[in-house]
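> predicted model and sequence follow; I will ask about them next.
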Amino acid sequence: MGRRPVFLAILAAALVLFPAAPAASASSSRFDLDSADIPALQARMAAGRLSAAGLTGLYLDRIHQVDGKVNAVLAVNPSALGQARESDARRRAHRLRGPLDGIPVLVKDNVGTRDQWTTAGSRALRSYPAKDATLITRLRNAGAVILGKANLSEWANFRAAKPTSGWSGVGGQTNNPYVLDHNPCGSSAGSAAGVAASLAQVAIGSETDGSIVCPAGMTATVGHKPSLGLVSRTGVVPISAEQDTAGPIARNVVDVALTLSALQGRDPADPATAQYPRTQPTDYAKLLRPGVLRGARIGLWRLPVLGPQTDAVMTSARNSLVNAGATVVEVTPPYQDRLGELEFPALLTEFHRDIDAYLATRSQGPRNLAELIAYDRADPLEQTCFAGQELFEQALAAPPPTDPGYLAGRAELSDLARRSLDETLAKYHLDAIASPTNPPAWKTDCATGDDDVIPSSTPAAVAGYPDVTVPAGFAGPLPVGISFMGARWSDGRMLALAADFERVAPARVPPRYLPTLPR
C-alpha cells in the first residue's frame, strides 16, 4: 500500500541520526538474537558485552533485512536509538529502571504513541493521538525502547464480514514467517509475526476475542491475554470496553512475565482497573519455577473441530503434561453455542458506543462511526483487500447501550462465559483448562477472507479471564499453540504453568520463511 518507501526513509533517518555503536554491535552479534531472553540480555549489558544502543541497532538492522518478507512493521520509531542511548546513560549512572530498561518493544498500531501515528491500520486515522496510551507511559517509565509500530488487521478485524487477518489499508498484508503465503491470524498479526521473526524482543498486542492468542499460536510465540482490568486500555483504539484488553507477546514466557509486570496496575481513566486486586504479584517472573506442573490438575479441552493435525499436537501435549506430573482430565466447558449466539450482537452495540467516544478524542479524521463509513466508501485503497465494511454498517444500526434487549443479552453473555470456566474448574478441581489455541494457518486469500474456526478463546475473552498460549508443536511447518485458561486474576498461575510446559515440552523453532507449503 505504498508504505515500504516511507518505512525505509524513516529507518535511514534513524540510522543517520543515531548510528549504532560499532563495538557494541560487533560484540552482540556473537549471540543468537532469536533465543536470547530479557534476563540474558540484561546480564550481557551488565557485563559490558552489549549496549542498549547495540541491541536496538541489531533489531533495526534485522527489520531492514527481514521485514520485506514478513511485512510486520508499519514504521520504526525515529527516536528508538536515542531512547536506547538514554538507557545506556542510566546504566552508566547506576539508575536503571528495571528489567525492561533498554529492551526494544514493538507496539500494535492501535495503541496510542505520542511520537508516531496511531492508525488502527486505517488510512482515516493517519495522525498523532493527543498523548501516549497509559500502557506506553508505563513502558517508557520502565525504560523500554519503543521500537516502532506493528501492522494489524485493520480496526482489529472489526470492519468486514469476511476479513483477511493481517491486512490493513495502511500496512498491506502481514505474512506468517513460517510459511509466507499463509496467514498469521489477527488482529495482532504484526506484533506476533514481528516477534517470531526476531524483529523485536517483545511486542504489545490487544484482544477482544482471540486477537493476542491466535496470532501468537500461529507464529510459535507466547501470548498473554490478561484478566480484564489488569492492564489499562486508556489510549487503545476500542471495540468493546466489556472485553478489550492489551497484553505482551514474546518468544518465551519469562519475557512475557517481565513485560506484564511493567504494564499492569490501576488507571483512574479505565474503570475496569478499579477492580485490580492489591494482592496481585508485582514480579510475575519470580513465579516461573520449574516443577509447577507436578501435582497440578489440568482440564484438556480438545476441540476436534480444529482438525486431526491439531488434535495430534494436543495428544502430545497431554503426554508431556502427564510426564511432568500433572493430572489431565478431558473436559468440555458448557454453554459454548449460546456464547456464540450472544457475543456478536453485543459487540455491535459496544463498538458503536466506544468508537464514537474514541474518535471524538482525535484531532484529525472522522469524528464518529458514520463519518468513518463515509471515508471508507470514498477511499479506493481501503477497498483493495476486504472491501466490505458490513460490521461498521451493522454497528451503526445496532440498538443503543440503553436498549433492554442489549442489556439482557450482555448480562447473559458475561454470566455464561464466567460460568463456563468457573463451573468446569470447580467440577474437576482444576488449576487450569488447556486447549488448542489455533489450527494450522490457512492460506491468505483476499478474495475469500479468513478460514478460521477458533472457539477456544471465547470463554476467557468474554469472561475477562486470563489466557496464556505457548508453542505446543507443528502441523508440518505450521505452528500450533496450547492455551492455559484460569479464573480471573490467576494470571500468575497461568504464566507459571505455561512456563513449566515450555520447559518440559520445548516446541518452538525459528521460522524458515518458506514461500509456500512443501509439496
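On my side now, so go ahead.
> which parts of the stretch 251-400 of the chain are helices?
In the stretch 251-400 of the chain, the segments counted as helices under DSSP state H, counting those that start in this stretch are 253-263, 308-323, 336-359, 369-378, 390-396.
> off-centre distance for the second one?
To tie it back to what came earlier, the one meant is helix 308-323. 24 Å (CA atoms, centre = their mean, to the nearest Å).
> can you check the third one too?
Counting by CA atoms, centre = their mean, helix 336-359 is centred 20 Å from the centre of its parent chain.
> kindly report the same for the shortest one.
Taking CA atoms, centre = their mean, the mean C-alpha location of helix 390-396 is offset from the chain mean by 25 Å.
> follow-up on the earlier one: looking at the helices of the stretch 251-400 of the chain, spot the one closest to Ala192.
helix 253-263 (12.0 Å; CB to CB). For the C-beta atoms, the positions are set from N, CA and C on the backbone; glycine is no exception.
> flag every buried residue along that closest one.
Of all the residues in helix 253-263, those buried under the rule 16 or more other CB atoms under 10 Å are 253-263.
> other SSEs contacting it?
Where contact means 3 or more CB pairs under 8 Å, 6 or more residues apart in numbering; DSSP states H and E, helix 253-263 is packed against helix 38-46, helix 134-141, strand 202-207, strand 222-225, strand 245-250, strand 467-475, helix 491-504.
> give me the pLDDT for the residue lying closest to Asn183 once chain neighbours are set aside.
Once flanking residues are discounted, Asn183 sits nearest to Thr444: 4.6 Å by CB to CB, 6 or more residues apart in numbering. On pLDDT, Thr444 comes in at 97.
> between the two ends of stretch 455-464, how far is it?
15 Å (CA to CA, to the nearest Å).
> and the strands in this structure, which stretches?
73-76, 104-108, 145-150, 167-168, 172-173, 202-207, 222-225, 245-250, 297-300, 327-330, 432-436, 467-475, 478-485 (DSSP state E).
> next, format those as TSV and append mean neighbour count and mean pLDDT.
Shown next, in TSV, are those (neighbours: other CB atoms under 10 Å; pLDDT from 0 to 100):
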stretch	mean neighbour count	mean pLDDT
strand 73-76	27	98
strand 104-108	30	99
strand 145-150	29	98
strand 167-168	30	98
strand 172-173	19	98
strand 202-207	30	98
strand 222-225	33	98
strand 245-250	28	98
strand 297-300	21	98
strand 327-330	15	98
strand 432-436	28	98
strand 467-475	27	98
strand 478-485	29	98
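> for these, which one sits closest to Gly186?
For the strands of the chain, the distance to Gly186 is smallest for strand 167-168, at 8.3 Å, taking CB to CB.
> that closest one pairs with which strands, and in what direction?
strand 172-173 (antiparallel) (DSSP bridges).
> so which of the helices and strands packed on helix 253-263 is nearest Gly481?
Using CB to CB, the nearest of the helices and strands packed on helix 253-263 to Gly481 is strand 467-475, at 4.2 Å.
> tell me the angle the closest one makes with strand 478-485.
For strand 467-475 against strand 478-485, the angle between stretch directions is 150 degrees (axes from the mean of the first three to the mean of the last three CA atoms, to 10 degrees).
> partner strands of strand 467-475 and their direction?
Partners of strand 467-475 in its sheet, by DSSP bridges: strand 222-225 (antiparallel), strand 478-485 (antiparallel).
> would you turn these into TSV with distance to Ala357?
Converted to TSV, these look like this (distance: least, CB to CB, whole Å):
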stretch	distance to Ala357
strand 222-225	23
strand 478-485	30
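> quick one, helices of the stretch 51-200 of the chain?
Under DSSP H, counting those that start in this stretch, the stretch 51-200 of the chain gives helices at 52-70, 80-92, 134-141, 189-196.
> now the angle between strand 145-150 and the second one, please.
With the same axes, to 10 degrees applied, the angle from helix 80-92 to strand 145-150 works out at 150 degrees.
> quick one: mean pLDDT over helix 80-92.
The model assigns helix 80-92 a mean pLDDT of 98.
> do stretch 388-396 as well
For stretch 388-396, mean pLDDT is 97.
> just use 13 as the starting number from now, easier for me
Got it, first residue is 13 now, which makes that one stretch 400-408.
> for the residue most central in space within the chain, give its distance to Arg505.
In the chain, the centroid-proximal residue (CA atoms, centre = their mean) is Gly217; its distance is 2.8 Å. Distance of Gly217 to Arg505, given as CB to CB, to the nearest Å: 21 Å.
> what does Ser273 give?
15 Å.
> same thing with Val85?
For Val85 relative to Arg505 (CB to CB), the value is 33 Å.
> same deal with Asn163?
33 Å.
> what's the neighbour count on the nearest residue to Asp323 once chain neighbours are set aside?
In space, and not counting its chain neighbours, Asp323 is closest to Pro316: 5.6 Å by CB to CB, 6+ apart. Using other CB atoms under 10 Å, Pro316 has 10 other residues around it.
> quick check: Pro316 touching Thr327?
No. Using CB atoms under 8 Å, Pro316 is not in contact with Thr327, being 11.2 Å away.
> could you list the low-confidence segments of the chain?
For the chain, the stretches with pLDDT under 70 are 13-42.
> let's see that with 80 instead.
13-42, 464-465 (pLDDT under 80).
> name the residues linked to Tyr447 by a beta bridge.
Just to correct that, residue 447 is Ser rather than Tyr. Ser495.
> for it, give me its contacts.
By CB atoms under 8 Å, 6 or more residues apart in numbering, the residues touching Ser447 are 312-315, 468, 494-495, 497.
> next, format the residues you listed as a markdown table and append distance to Thr344.
Formatted as a markdown table, these follow (distance: CB to CB, whole Å):
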| residue | distance to Thr344 |
| --- | --- |
| Leu312 | 10 |
| Trp313 | 6 |
| Arg314 | 8 |
| Leu315 | 9 |
| Ser468 | 11 |
| Ile494 | 17 |
| Ser495 | 15 |
| Met497 | 14 |
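> then stretch 105-112 to CSV, C-alphas only?
Provided in CSV are the C-alpha atoms of stretch 105-112 (Å, rounded to 0.1, in the frame of the first residue of the first chain):
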residue,chain,number,x,y,z
ALA,A,105,24.8,6.2,36.2
HIS,A,106,23.5,3.1,38.1
ARG,A,107,19.9,4.4,37.7
LEU,A,108,18.3,1.6,35.7
ARG,A,109,14.5,1.4,35.9
GLY,A,110,14.2,-2.4,35.9
PRO,A,111,14.5,-5.4,33.7
LEU,A,112,12.8,-3.7,30.6
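> all set, thanks.
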